[in-house]
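A.B. asks: fold the following.
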Amino acid sequence: MVNIDGRLSSVLDISRASAAVLVLLSHLNGRVFLTFAKMPEIYRGPVFKAWTFICGFGHQAVIVFFVMSGFLVGGSLLRTGTSIPALKNYAASRIARMWSVLLPALILTFILDMVGIRLDSTYEPIYHGDWINDLSGFAAGCNLFFMQTVTCSAYGSNGPLWSLANEGWYYLLFPLTVILFEHKSKRQTVGLLGLVLLGFIFVYQNSHSIAIYYSIWLFGVAISRIRCPFSPWIAWGGVGLYLISTRILFRFSVWLDPVYGLILDIFLGLLFALALASSTGVSQPILGHKFFRWLADRSFSLYAIHLPIIMFLCALLGKYASFKFGSLPLLSQWMWCGLIFIIVILAANIFHVLFESRHIAFKKLLLKPAYLG
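C.D. replies: Residues are numbered from 1 along each chain as shown. You can find the predicted model right below:
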């Protein structure tokens, strides 16, 4: 079993912080500037090329999140076992961890979207088409219970919430899978097997990505039990080489392809999982770990609220300032981009302090007899 020592803890913090920032940059770039394909050749300078290259790792960052989730959540369940008290603690931990962020994120999304829509330009609207989904109470409840992409869309402008549906299902399916192989009673085993199969059929019929990405999530679980035979230099070098080479060779649309994209995702998940497993055995943390720990602690909040804030600020600045949505990389636009980035980071910090940091108290409340027996 892999122990989370100083080095591995630092690696996890750096990975969580970097993945959250890459998702933020990906969405920020898509709202502030024209796409590279639509950008006039004269504006495709080295700075903009480097910027768009870095901003193209948003999807890959989500795959990294899945692997880390499997490692931390699935690995933790394997260590504690599936006794009734352990499962109660597991359920309370997962519900508290998700809802302490998701519930206020849905409320914030509703407020920002409603105000942003009123501020939005009638000539070049920001909140239209794929940029905005259902803001009804049904959609909010659907997202709260992790059914987005299954029976509803991600809430409002908060598209990144799609991956939380995956996480919610994995948190449910994995303990059922473990119990299935641990239980000795044939009747209970058959019942659990049927439940797991029905779950997979349900999510696969409604959202292929949930069932498919479960295998990548399980990579993280697997490496919580084994050690990587490669040195960290080789393992992390392989991850870096793979990310850079695939970014150069393949367009973003290839990553979204149901066949080729899945192959690329699986290879990335496997390489990243092996790299994590290679980062153990050293108690000394990595230089600069305190900053990355600070940002990693806020990564979930940052992921859950960044896009509605970006959309709102774009509408606000578009109405009262010189900002233009999806524009040329002029100096003024770079300045607005930097300002939006800073505001989003500060907002994520406030959101973390107000809500995410209280998930332990929420868990204790859920563990009271009145809630989980």
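
A.B. asks: after the longest helix seen in the chain, next one along is what?
C.D. replies: Looking across the chain with DSSP state H, the single longest helix is helix 84-119. Going down the chain from helix 84-119, the next helix or strand is helix 137-144, by DSSP states H and E.

A.B. asks: what is the orientation angle of that next one with helix 84-119?
C.D. replies: Orientation of helix 137-144 against helix 84-119 (axes from the mean of the first three to the mean of the last three Cα atoms, to 10 degrees) gives an angle of 140 degrees.

A.B. asks: for helix 137-144, name the packing helices and strands.
C.D. replies: helix 84-119 (3 or more Cβ pairs under 8 Å, 6 or more residues apart in numbering; DSSP states H and E). All C-beta spots, glycine's among them, are computed from the backbone N, C-alpha and C.

A.B. asks: now the helix it packs on: buried residues?
C.D. replies: Neighbour-count burial for helix 84-119, counted by 16 or more other Cβ atoms under 10 Å, picks out 87, 89-102, 104-106, 108-110, 112-113, 116-117, 119.

A.B. asks: can you tell me how far residue 97 is from residue 168?
C.D. replies: Residue 97 is 11 Å from residue 168, where distance means Cβ to Cβ, to the nearest Å.

A.B. asks: and if you look at residue 146?
C.D. replies: 3 Å.

A.B. asks: ok, the nearest residue to residue 132 once chain neighbours are set aside - contacts?
C.D. replies: Closest residue in space to residue 132, ignoring its immediate chain neighbours: residue 157 at 5.2 Å, by Cβ to Cβ, 6 or more residues apart in numbering. Shown here is residue 157, whose contacts under the criterion Cβ atoms under 8 Å, 6 or more residues apart in numbering are 109, 112-113, 116, 127, 131-133, 307-308, 311.

A.B. asks: give me the element the residue nearest the centre of the chain is part of.
C.D. replies: Of all residues in the chain, the one closest to the mean position by Cα atoms, centre = their mean is residue 62, 4.9 Å from it. For residue 62, the host element (DSSP H and E) is helix 58-69.

A.B. asks: by contact count, what packs against whichever helix or strand comes after that helix?
C.D. replies: Toward the C-terminal end, the helix or strand that comes next after helix 58-69 (DSSP H and E) is helix 75-80. Secondary-structure packing of helix 75-80 (3+ Cβ pairs under 8 Å, 6+ apart): helix 84-119, helix 162-182, helix 208-223.

A.B. asks: how about the ones you listed in TSV, adding mean pLDDT and distance to residue 11?
C.D. replies: Shown next, in TSV, are the helices and strands packed on helix 75-80 (pLDDT from 0 to 100; distance: least, Cβ to Cβ, whole Å):
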stretch	mean pLDDT	distance to residue 11
helix 84-119	95	21
helix 162-182	86	21
helix 208-223	87	12
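
A.B. asks: any chance of those helices in TSV, plus distance to residue 255?
C.D. replies: Output for these, formatted as TSV (distance: least, Cβ to Cβ, whole Å):
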stretch	distance to residue 255
helix 84-119	25
helix 162-182	14
helix 208-223	12
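
A.B. asks: those helices: which one's closest to residue 321?
C.D. replies: Across the helices and strands packed on helix 75-80, the minimum distance to residue 321, taken as Cβ to Cβ, is reached by helix 84-119, at 11.6 Å.

A.B. asks: who are the packing partners of the closest one?
C.D. replies: helix 75-80, helix 137-144, helix 162-182, helix 299-320, helix 331-354, helix 359-366, helix 369-372.

A.B. asks: mind putting these into JSON lines with mean neighbour count?
C.D. replies: Formatted as JSON lines, those follow (neighbours: other Cβ atoms under 10 Å):
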{"stretch": "helix 75-80", "mean neighbour count": "16"}
{"stretch": "helix 137-144", "mean neighbour count": "18"}
{"stretch": "helix 162-182", "mean neighbour count": "20"}
{"stretch": "helix 299-320", "mean neighbour count": "23"}
{"stretch": "helix 331-354", "mean neighbour count": "16"}
{"stretch": "helix 359-366", "mean neighbour count": "15"}
{"stretch": "helix 369-372", "mean neighbour count": "10"}
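
A.B. asks: among those helices, which is nearest residue 268?
C.D. replies: helix 162-182 (15.0 Å).

A.B. asks: Three-state assignment for the residue lying closest to residue 55 once chain neighbours are set aside, please.
C.D. replies: Of all residues not flanking residue 55 in the chain, residue 29 sits nearest, at 3.9 Å (Cβ to Cβ, 6+ apart). Secondary structure, DSSP: H, G, I helix; E, B strand; the rest coil: residue 29 is helix.

A.B. asks: residue 29 is in contact with residue 52, isn't it?
C.D. replies: Yes - if you go by Cβ atoms under 8 Å, residue 29 and residue 52 touch, sitting 6.7 Å apart.
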